[in-house]
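Asks: Sequence plus the predicted model coming up.
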Amino acid sequence: MSTISSDQLSQMFSNGRYHDLIAIARANDVNPQSDPVAAQLLAAALFSVGEFAAAAPVLDDLEPSFGLNADFLSLYAANCRRMGLLQRAEDLFARALQLNPNSRSIRNNYANLLIDLEQFDQAREILVKLLEEAPDYNDARSNLNRLGFQDHSNPSPLQELAKSE
C-alpha cells in the first residue's frame, strides 16, 4: 500500500466511514496478498454496506491468513449467509464457535442462520440462552421475534423466555 495504512483504514471503519474506506482501499489496490489486515477491513466495509458479492472474493482470499480467527470466520459466514450459501455459512460458523464458543455475537448470528435453515429448536435454544445471559441484548431479542414468525409450530418464543425468568 502506498498512501494509506491499515491503522487509518481501521479508524475509518470504527467511525462508520465505510464508503470512504472502500474508495481509498480500491484506489490503493488493497488486496489480501499485499496487506491482509487492510483487505479484511475492506471486506468488512463491503459487508457493512451490503456489497456481499464484492466482499466474497476478498474473504475467500483471506481465509488462509485468518482461518483461525473467530471474528473473521463469523464475518465470512455472515457474508455467505447473505449470499444464500447456507451450508458454507454453517461450516464457517461451526469453526468460529469452536474457536470462541462464548461469543454472543457469533452465537446470535449462528442462530440467525439456523432460522434460515429452519432448525428452529436449536435456534430457539441459543437465543433464549443469550437472553438469559444478557436480557438487554436487542439483536437476540429481535432474532427470537423473527423465529416466532418463521416457526409456525411455536409462534411465541418470548413466552419461552418469560417461563425461564
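Replies: Looks like it arrived, so ask away. Residues are numbered from 1 along each chain as shown.
Asks: who's in contact with I126?
Replies: Contact partners of I126, counting by Cβ atoms under 8 Å, 6 or more residues apart in numbering, are R107, N108, Y110, A111, L114. From N, CA and C alone the C-beta is placed, and that goes for glycine too.
Asks: Count the neighbours of the second one for me.
Replies: Put plainly, it is N108. The local packing of N108 (other Cβ atoms under 10 Å) involves 22 other residues.
Asks: Residues contacting the strand or helix carrying it, please?
Replies: Using DSSP states H and E, the element containing N108 is helix 104-116. Helix 104-116 is contacted from outside by 70, 74, 77-78, 81, 86, 89-90, 93, 96-97, 100, 120, 122-123, 126-127, 129-130, 133-134, 137, 139-140, 143, 146-147, 150-151, using Cβ under 8 Å, 6+ apart.
Asks: ok, then the element right after that helix?
Replies: Toward the C-terminus, helix 104-116 is succeeded by helix 120-133 as the next helix or strand (DSSP H and E).
Asks: residue ranges with poor pLDDT in the chain?
Replies: Along the chain, the parts satisfying pLDDT under 70 run over 1-3, 153-165.
Asks: quick one, helices of it?
Replies: Remark: helices assigned in the chain by DSSP state H are 6-14, 18-27, 36-48, 52-66, 70-82, 86-99, 104-116, 120-133, 138-150, 157-164.
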